[in-house]
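Visitor: Structure here, sequence nowhere to be found:
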């Protein structure tokens, strides 16, 4: 078995110049003497080695899962070693969590080339010479094998996208009497191609998004591609909603809650509206708002205690809650974004401004009845049109337009939603005589806005193309829009297709 020294030797920056580290304590001592850049380089090199080791782990996990199938009973690999499942054996061997072991099983199974599992029966009338369909998640397999994604990123994207819907004999154009076997197979291939394209798009985002963001983006993209399935999944989550209370062993009452989508969004925005200063929300210019934010930040209660007290205030106040006294200047509300085409037809799936959570069109129509709409014209890339204004600060409608286009903080790897962001002028108002136009503004969370101004970073943009983040060292990073928004605006080339699920 490889020793610590053998593994350390795989990290050039750590063992450069003949340095020998034979245990973790020695490595830490060497690291303490190194400059910042070298420490970051060592972490990057170690992560690269870990990715390669992880590939072997997930491959072994997939094989263990196949050899531990239910059909094999007690003779299965895991069962013969006293474990109920492959995940249990993997957890025992690796010392990982149950969730991590289950993920290794899922990814390992997905990496196996099981052509029988991937082919769908295409029925009579289809030539026998028809090539076997390519797995829709092959881009994910390729990305994992060449180190572009981790198993966690692979799993988040694949679970979020789910499998393409099955095309049945009654699917297709409304004017047709159904699809024959060959046409059905072609439609199924087109669905797989769309899901494969989505997987490739999301693989391109892994360097800029957290694992949680990748999962949410994949889920939203799936709903945009499969709007009928989106409504069915929305209703299933609605049916799963629940709330129960129970007493713990210490006798204290506890609660467990499963949210449906609307409730999830409302509670999250309610908490954000009240606790945003605690969670790193935007700075306040208005003196009263600034004083309220400072008071909340200095409150001796923990954030969890504040959240509990807020929930109890809302329950006690009910429909007559004094929004200003409970929430301060920002009353909570869920803002939804729905694309309307040139002919005035609304998209069948919308998304929330914060979090980019997909919502079926029928649910959006219900919200519109309650709160109305704010129209914002955008191009195929989500860039707002004709809302430029020569003012120092962005107007409320411009802020809405920025939220629609950006979906949250555009800094690499940041998942802060739009409501936590501040509008940044990429052209300095006095130095560059900058106009407060939408195409020269970008959303940044408070932390990254301050990092940009105080750290020597700057942002440029050529026309309405991608924003580019510049580091003082000269290194540049593209600040691309989120994949879910690209699908929402139809800014993907070629444009994604929508499909009907099997009846």
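Guide: Received it, and whenever you're ready, just let me know what you need. In this text, all values refer to a predicted model and were calculated from it rather than measured experimentally. Numbers count the residues shown, from 1 in each chain.
Visitor: which stretches of this protein have low pLDDT?
Guide: 17, 113-133, 168-179, 283-286, 317-333, 385-393, 428-436, 498-503 (pLDDT under 70).
Visitor: That one - how does it break down into domains?
Guide: With domains defined by automatic domain parsing, the chain comprises 35-111, 396-480.
Visitor: can I get those domains in CSV with mean neighbour count and distance to residue 313?
Guide: Where C-beta positions appear, they are placed from N, C-alpha and C, glycine not excepted. Compiled in CSV, the domains of the chain are given as follows (neighbours: other Cβ atoms under 10 Å; distance: least, Cβ to Cβ, whole Å):
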stretch, mean neighbour count, distance to residue 313
domain 35-111, 16, 34
domain 396-480, 17, 20
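Visitor: Turn these into TSV, columns for distance to residue 292.
Guide: Shown next, in TSV, are these (distance: least, Cβ to Cβ, whole Å):
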stretch	distance to residue 292
domain 35-111	38
domain 396-480	16
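Visitor: which stretch among those domains comes nearest residue 374?
Guide: With Cβ to Cβ as the criterion, residue 374 lies closest to domain 396-480 of the domains of the chain, at 5.9 Å.
Visitor: That closest one: end-to-end distance?
Guide: Across domain 396-480, the terminal residues are separated by 24 Å (Cα to Cα, to the nearest Å).
Visitor: ok now that domain, how far from the chain's centre?
Guide: 20 Å (Cα atoms, centre = their mean, to the nearest Å).
Visitor: picking up where we left off before, of all the domains of the chain, which lies closest to residue 217?
Guide: Residue 217 sits nearest to domain 396-480 of all those, at 9.4 Å, using Cβ to Cβ.
Visitor: Now do the strands in the stretch 301-450 of the chain.
Guide: All strands of the stretch 301-450 of the chain, identified by DSSP state E, counting those that start in this stretch, fall at 336-337, 349-352, 358-360, 421-425, 441-445.
Visitor: Distance to residue 67 for those - can I get that in TSV?
Guide: Formatted as TSV, the strands of the stretch 301-450 of the chain follow (distance: least, Cβ to Cβ, whole Å):
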stretch	distance to residue 67
strand 336-337	47
strand 349-352	41
strand 358-360	38
strand 421-425	49
strand 441-445	47
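Visitor: And the ones you listed: which comes nearest residue 21?
Guide: strand 441-445 (37.8 Å).
Visitor: Let me know the next secondary structure element after the longest helix along the chain.
Guide: The residue-count maximum for a helix in the chain (DSSP state H) belongs to helix 36-67. Sequence order places helix 77-80 as the next helix or strand after helix 36-67, per DSSP states H and E.
Visitor: Please compute how far that following helix lies from its chain's middle.
Guide: 36 Å.
Visitor: and residue 35, which of the strands of the stretch 301-450 of the chain is closest to it?
Guide: strand 441-445 (28.3 Å).
Visitor: Is residue 158 in contact with residue 137, as I believe?
Guide: Yes. Residue 158 is within contact range of residue 137, at 5.6 Å (criterion: Cβ atoms under 8 Å).
Visitor: hey, what's in contact with both of these two?
Guide: 110, 199 (Cβ atoms under 8 Å, 6 or more residues apart in numbering).
Visitor: Indicate which one of the domains of the chain is closest to residue 342.
Guide: Comparing the domains of the chain by Cβ to Cβ, domain 396-480 comes nearest, at 17.2 Å.
Visitor: For residue 493, find the nearest of the domains of the chain.
Guide: domain 396-480 (14.1 Å).
Visitor: hang on, residue 243 in a strand?
Guide: Yes. Membership of residue 243 in a strand is supported by DSSP: H, G, I helix; E, B strand; the rest coil.
Visitor: How many neighbouring residues does it have?
Guide: 10 (other Cβ atoms under 10 Å).
Visitor: again with residue 395
Guide: Residue 395 has 13 neighbours, counted by other Cβ under 10 Å.
Visitor: That one and residue 37: what is the separation?
Guide: 42 Å (Cβ to Cβ, to the nearest Å).
Visitor: Equivalent analysis for residue 398, please.
Guide: 39 Å.
Visitor: returning to that earlier point: packing partners of the longest helix of the chain?
Guide: Identification of packing neighbours for helix 36-67 by 3 or more Cβ pairs under 8 Å, 6 or more residues apart in numbering; DSSP states H and E yields helix 12-15, helix 77-80, helix 86-94, helix 98-111, helix 138-145, helix 151-161.
Visitor: try 6 Å this time
Guide: Judged by 3 or more Cβ pairs under 6 Å, 6 or more residues apart in numbering; DSSP states H and E, the packing partners of helix 36-67 are helix 12-15, helix 86-94, helix 98-111.
Visitor: Select, out of the domains of the chain, the one closest to residue 196.
Guide: Going by Cβ to Cβ, the one of the domains of the chain nearest residue 196 is domain 35-111, 13.6 Å.
Visitor: quick revisit: Serialize the helices and strands packed on helix 36-67 to a markdown table and add fields for distance to residue 225.
Guide: Shown next, in a markdown table, are the helices and strands packed on helix 36-67 (distance: least, Cβ to Cβ, whole Å):
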| stretch | distance to residue 225 |
| --- | --- |
| helix 12-15 | 43 |
| helix 86-94 | 30 |
| helix 98-111 | 19 |
